[in-house]
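Peer 1: Predicted model and sequence follow; I will ask about them next.
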Amino acid sequence: MKTKSLKELLLSLIKVEEANCTPSSGWAHYANDMQLKVRRVGPMVWLTGAVRNTTAITCDAYGSNVFNVATIPQGYRPTQAVIVLSQGSGSAVWCGRIYPDGSVRVERYRDVVGAKTPTSLTTGIWFPFSATWMKGGGNT
């Protein structure tokens, strides 16, 4: 294994790399200025942006649906699942998960008012993401 020099190590800590995530079928970036992206500085990775559904979604009564919304490119993926709780439009909340295979998923979508799970979602719902992890690490 090659050992990095101090200079190489310091440069790797300030180098910023960025990539767009690829939306899954039935999903799109929410807007041009909110594209789902990953940024890496040294070992730290940030996922930011938002996606929207391009087709109506039918939900089950328990909110246990899982939707694959995008894929993170190689080199930015966590080594274990990263879980985030997100606020959507109005009083809607949902669980986001980022997996080591690069899949970005929306789970357990519900309306907080009355803790009600909708039976369907119209097109264009806002699903914002904000997550951070250490490359080679897990939940943070």
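Peer 2: Looks like it arrived, so ask away.
Peer 1: Which residues does residue 107 form beta bridges with?
Peer 2: Per DSSP bridges, the residues bridged to residue 107 are residue 66, residue 95.
Peer 1: Begin at 54, not 1, for the rest of this chat.
Peer 2: Fine by me, first position is 54 from now on; the one you just mentioned is residue 160.
Peer 1: which residue ranges form the helices in the chain?
Peer 2: Ranges of helices within the chain are 59-67, based on DSSP state H.
Peer 1: Any regions of it where pLDDT drops low?
Peer 2: Flagging of the chain using pLDDT under 70 yields the residue ranges 54, 114-117, 165-171, 189-193.
Peer 1: mind running it again at 50?
Peer 2: 190-193 (pLDDT under 50).
Peer 1: List the buried residues for stretch 94-111?
Peer 2: Neighbour counts over stretch 94-111 (16 or more other Cβ atoms under 10 Å) mark 95, 98-100, 102-106, 110 as buried. For glycine as for every other residue, the C-beta is placed from the backbone atoms N, C-alpha and C.
Peer 1: typo on my end, it should be stretch 119-138
Peer 2: 120, 122-125, 129-131, 135, 137.
Peer 1: Now intersect those with the strands, please.
Peer 2: 120, 122-124, 135, 137 (DSSP state E).
Peer 1: about what we covered before: farthest-apart pair in the buried residues of stretch 119-138, please.
Peer 2: Largest separation among the buried residues of stretch 119-138 by Cβ to Cβ: 120 and 129, giving 20.5 Å.
Peer 1: For the closest residue to residue 101 other than its chain neighbours, which residues are in contact?
Peer 2: Nearest residue to residue 101 in three dimensions, chain neighbours excluded: residue 183, at 5.6 Å (Cβ to Cβ, 6 or more residues apart in numbering). Going by Cβ atoms under 8 Å, 6 or more residues apart in numbering, residue 183 touches 99-101, 137, 139.
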